[in-house]
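K.L.:
dropping a prediction and its sequence here:
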Amino acid sequence: MSFTGPVEFYTTDGCGLCEEAMEMLHPIAQRLAIDIQVREILDDDDWEARYGIRIPVLRRGDTGAELGWPFDEAALYRFLL
């Protein structure tokens with residue numbers, strides 16, 4: 001059973017891996033009707049300290065579970081279902 005979100009997407013400007021991850025995530029989130037909330041890590045010192053070397057990172061709003069890079073479409077589905 002999937003949840004309806006939101007999913008927080010931790011990123012920063014110019015992150016190529018983040019762009020790649022978002023390209024994978026966006027169509028899956030649309031199919032599953034999950035809201036994506038983009039979080040710029042440089043906007044918050046705690047986010048920068050926690051995710052600075054791990055981005056892109058997804059965080060489920062319901063459980064707080066996190067999925068860090070690297071991941072593929074199959075891992076995204078498992079994480080979101």
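P.N.:
Now that the structure is in, tell me what you want to look at. Numbering: from 1, shown residues only.
K.L.:
in this structure, where is pLDDT below threshold?
P.N.:
Low-confidence segments of the chain, defined by pLDDT under 70, span residues 1-4.
K.L.:
how about the helices in it?
P.N.:
Per DSSP state H, the chain carries helices over the ranges 16-32, 45-51, 73-80.
K.L.:
ok, G61 to R39 distance?
P.N.:
From G61 over to R39 the distance is 11 Å, taken as C-beta to C-beta, to the nearest Å. Yep, even glycine has a C-beta here, placed from its N, CA and C like the rest.
K.L.:
and for these two, which residues touch both?
P.N.:
Common neighbours of G61 and R39 (criterion: C-beta atoms under 8 Å, 6 or more residues apart in numbering): E8.
K.L.:
turn the helices of the chain into a markdown table, columns for mean neighbour count and distance to E8.
P.N.:
As requested, these are exported to a markdown table (neighbours: other C-beta atoms under 10 Å; distance: least, C-beta to C-beta, whole Å):
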| stretch | mean neighbour count | distance to E8 |
| --- | --- | --- |
| helix 16-32 | 15 | 11 |
| helix 45-51 | 14 | 9 |
| helix 73-80 | 14 | 12 |
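K.L.:
nearest to P6, of the ones you listed?
P.N.:
The closest approach between P6 and any of these, judged by C-beta to C-beta, belongs to helix 16-32 at 9.5 Å.
K.L.:
which residues does the closest one contact?
P.N.:
2, 5, 7, 9, 11-12, 34-36, 55-56, 58, 69, 71-73, 76-77, 80-81.
K.L.:
sitting in strands, which of these do you find?
P.N.:
Restricting these to those inside strands, with DSSP state E as the criterion, leaves V7, F9, T11, I36, L58.
K.L.:
the residue nearest the centre of the chain pairs with what?
P.N.:
Computing the C-alpha centroid of the chain and ranking residues by C-alpha atoms, centre = their mean puts L58 first, at 2.5 Å. Under DSSP bridges, the beta-bridge partners of L58 are F9, L67.
K.L.:
kind regards, and thank you for your time.
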